[in-house]
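Enquirer: only geometry, no sequence info:
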């Protein structure tokens, strides 16, 4: 939902696609520019549970696990480079 590029940070939670793309946890997102802390109103699991109408925790867990493996559990080198330029280390996060 928040992506880092060499000279920009893209904040796009995709809220407009909420009903059409259940495979993505479309939600509001924010970023603290001083620390690059990503801020979301829900966890990925909570958002997928909302998609299922709160009735299918297996759906939520399965989609959340898949989303985490595909997108969230990888090293984001551009974010680390930006933090380094700001004089911050990853261990401070």
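Expert: Nice, I can see it. In this text, all values refer to a predicted model and were calculated from it rather than measured experimentally.

Enquirer: pLDDT below threshold where in this protein?
Expert: Residue ranges of the chain with pLDDT under 70: 18, 21-23, 73-74, 89-93.

Enquirer: where do the strands sit along it?
Expert: Counting by DSSP state E, residue ranges of the strands within the chain are 2-5, 8-11, 30-32, 37-39.

Enquirer: and the ones you listed, which is most packed in?
Expert: Most buried of those by mean neighbour count (mean count of other C-beta atoms under 10 Å) is strand 2-5; its value is a mean of 14. Where C-beta positions appear, they are placed from N, C-alpha and C, glycine not excepted.

Enquirer: helices and strands around that strand, which ones?
Expert: Using 3 or more C-beta pairs under 8 Å, 6 or more residues apart in numbering; DSSP states H and E, the elements in contact with strand 2-5 are strand 8-11, helix 77-85.

Enquirer: That strand pairs with which strands?
Expert: On the basis of DSSP bridges, the sheet neighbours of strand 2-5 come out as strand 8-11 (antiparallel).

Enquirer: picking up where we left off before, quick one: closest of the helices and strands packed on strand 2-5 to residue 68.
Expert: Between residue 68 and the helices and strands packed on strand 2-5, the shortest gap by C-beta to C-beta is with helix 77-85, which sits at 16.7 Å.

Enquirer: need the longest helix for the chain.
Expert: Longest among the helix segments of the chain by residue count, using DSSP state H, is helix 57-67.

Enquirer: Perfect, I'm done here.
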